[in-house]
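Trainee: Build the 3D model from these lines:
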Amino acid sequence: EVLNRDRPNVVIILLESWTADIIESMGGEPGVTPFFDSLRREGILFTQIYGAGQRTEHGLISVFSGFAPPPRVSIITVPSKSAKLPNINAALSDEGYSSSFYYGGEIGFVNMKSYLLNGRFQEIVDKSSFSSDQLNSKWGAHDQYAFEKQLAGLRTMQQPFLSGLLTLSTHEPFDVPMDTPFDAGHGEADRFKKSAYYTDRCLSAY
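Mentor: Here you go, the predicted structure:
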């Protein structure tokens, strides 16, 4: 038994571009994601799990549809095919769950909105729902604002619910609105670690 209730609320957080290389307990560099690393003491850490693809939409359909992305084509961009994918949210909707999905960027990117609607997500929140002063990254609203907005929404959602959130601050160009221990580096790897440290702090606050 992993769960302590039959109909739990479910929150799925997809961390853009994260890798074991930044998680100390999985052999990664120490000090990059200390809060995430601490979760292993109170949860379940899968140490032999691998990315299903190399793009954001691959992770999306892998997590919500259990579908391994085929080579050379992004199935989410083909509505006639993506509409036929199973979806954990649709299954839970049949069990009376309400649902929402949050993203600080443009939800129409690579046909994500169509995929989520076909998956019967009731509320979809993207960059259009954030104030202009929160749209301070290349792609939209940084992760702290997305987490804050989701948390506010969860407080009023009908239970039980499933809510998904896709982060974006760890997408290139890896610009984040805070100082980190990795500011001194100027290479792409250092910029990525800086952004991951920021998102880890956002997770901790959340």
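
Trainee: which stretches of the chain form strands?
Mentor: Assigned by DSSP state E, the strands in the chain fall at 10-14, 98-103, 123-125, 161-166.

Trainee: give the contact list for the residue of the chain positioned farthest from its centre.
Mentor: For the chain, the residue at maximal distance from the C-alpha centroid (C-alpha atoms, centre = their mean) is A184, at 27.4 Å. Each residue near A184 by C-beta atoms under 8 Å, 6 or more residues apart in numbering is listed here: D190. All C-beta spots, glycine's among them, are computed from the backbone N, C-alpha and C.

Trainee: Now do stretch 27-40: distance from first to last residue.
Mentor: Length of stretch 27-40, first residue to last, C-alpha to C-alpha, to the nearest Å: 14 Å.

Trainee: what about that stretch, average pLDDT?
Mentor: For stretch 27-40, mean pLDDT rounds to 95.

Trainee: Could you do stretch 143-162 as well?
Mentor: So the average pLDDT for stretch 143-162 ends up being 98.

Trainee: quick one on the thing from earlier: from D175, how far out is the residue farthest from the centre of the chain?
Mentor: 16 Å (C-beta to C-beta, to the nearest Å).

Trainee: And E123, by the same measure?
Mentor: Relative to D175, and taking C-beta to C-beta, E123 is found at 28 Å.

Trainee: one step back: take the strands of the chain and lay them out in a markdown table including distance to F35.
Mentor: A markdown table is the format used below for those (distance: least, C-beta to C-beta, whole Å):
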| stretch | distance to F35 |
| --- | --- |
| strand 10-14 | 13 |
| strand 98-103 | 20 |
| strand 123-125 | 24 |
| strand 161-166 | 16 |
